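J.: pasting the sequence and the predicted model now:
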Amino acid sequence: MPTISPVLLLIIGLAAGILSGMFGIGGGVIIVPALILLGFTQLQANGTSLAVLILPVGLFAVINYYQAGKLKLYIAFLCAIGLMIGGFFGAKIALGIPATTLKQAYGVFLLYVAYRFADPRSWLAELRGQPAAPSPSENDDVKVVWYLILGVGLIAGVLSGMFGIGGGLIIVPALITLLHFDQKLAQGTSLGALLLPVGIGGLIEYANNGQLDINAALPVAIGLLFGAFAGSKIALNLPAKTIKRLYAIFVLILGVWFILQPILQPPTTS
């Protein structure tokens, strides 16, 4: 695996951490592309990213969200169980078959998520000076169907194992859609689920196949720890509408990257 400056890895971790704290994601969606650009193969980047995320790098951010009342522990626990199980199978898939088609399908999904969160019709109405339709607010009376939330965690876990991401890109929109959580509550709950070592199954699979660089993972993890704290502070002090639109732009960029990266990057051997 390529040798990368620890300072550069620390900067990658800080950037990933800020976005992690702001949007309730694990940070792997930044770490994996960055490592690939620096010479890692997809599988090496996946394994190293999961090694970073196995540590409680979101601890300070989770504390911030919890103190602000933006964390549902029971929901986070159910998601975490699904993540742990799904991550093992996601790693098996990634190590066993070419992931190009699934990666591009994931990119299409991200474009859909970006559309939902940007809500361009409301945005256009605002620009025209027209009143926007009210968006659903947090509803504590929504019945929590445990197996549905567990299923969300499983799907997020499979994608986590396949692509080395934390799973928050699935969990956050799912909680908003299914449980009517507000943006910040969904983000805090997602980070709470990711605080546990949910990627251990996938990590073991990657490690057993030599697709892990622990020396690269450690400085990224340190940067992620402090970056997530800063990101959560930013998110909790911004209007929910602004957070949703920033999130939409961020996911849109990621979706385009996931679709185009397999086309633009020449094939590599793992």
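T.: Arrived safely. Computed from a predicted model, the values in this text were never measured in an experiment.
J.: could you check the pLDDT of Lys143?
T.: On pLDDT, Lys143 comes in at 68.
J.: Asn46 too?
T.: The score at Asn46 is 91. That number is its pLDDT.
J.: which helix or strand contains the residue nearest to Gly27 when sequence neighbours are not counted?
T.: The shortest distance from Gly27 to any residue other than its chain neighbours is 3.6 Å, reached at Ala16 (C-beta to C-beta, 6 or more residues apart in numbering). The way it works is simple: take the backbone N, C-alpha and C, and place the C-beta from them, glycine included. Taking DSSP states H and E as the criterion, Ala16 maps to helix 6-23.
J.: re the thing from before, let me see the contact set for the residue nearest to Gly27.
T.: The contact partners of Ala16, taken as C-beta atoms under 8 Å, 6 or more residues apart in numbering, are 27-31, 34, 220, 223-224, 227.
J.: next one: Leu150
T.: When contacts are counted by C-beta under 8 Å, 6+ apart, Leu150 touches 78-79, 81-82.
J.: same check, this time on Phe23
T.: If you count contacts by C-beta under 8 Å, 6+ apart, Phe23 has them with 168, 172, 187, 231, 235, 243, 246-247, 250.
J.: among those residues, which are in helices?
T.: Using DSSP state H to define helices, the subset of these located there is 168, 172, 187, 231, 235, 243, 246-247, 250.
J.: for those residues, which one is nearest Leu179?
T.: Looking at these and their distance to Leu179, the nearest is Val172, at 11.3 Å (C-beta to C-beta).
J.: before we move on, the earlier item: ok, and the most crowded of the ones in helices among the contacts of Phe23?
T.: Comparing the ones in helices among the contacts of Phe23 by number of neighbours (other C-beta atoms under 10 Å), Gln187 comes first, having 32 neighbours.
J.: low-confidence ranges in this structure?
T.: Under the criterion of pLDDT under 70, the regions of the chain flagged as low confidence span 99, 102, 131-143, 265-270.
J.: can you show me the helices along it?
T.: Secondary structure of the chain, counting by DSSP H: helices at 6-23, 28-37, 42-53, 59-67, 73-96, 100-118, 120-127, 146-163, 168-179, 183-194, 200-208, 214-236, 240-264.
J.: the second one vs helix 168-179, what angle?
T.: Between helix 28-37 and helix 168-179, the angle formed by their directions is 160 degrees, by axes from the mean of the first three to the mean of the last three C-alpha atoms, to 10 degrees.
J.: just the angle between helix 28-37 and helix 6-23, please?
T.: In this structure, helix 28-37 runs at an angle of 150 degrees to helix 6-23, with the same axes, to 10 degrees as the basis.
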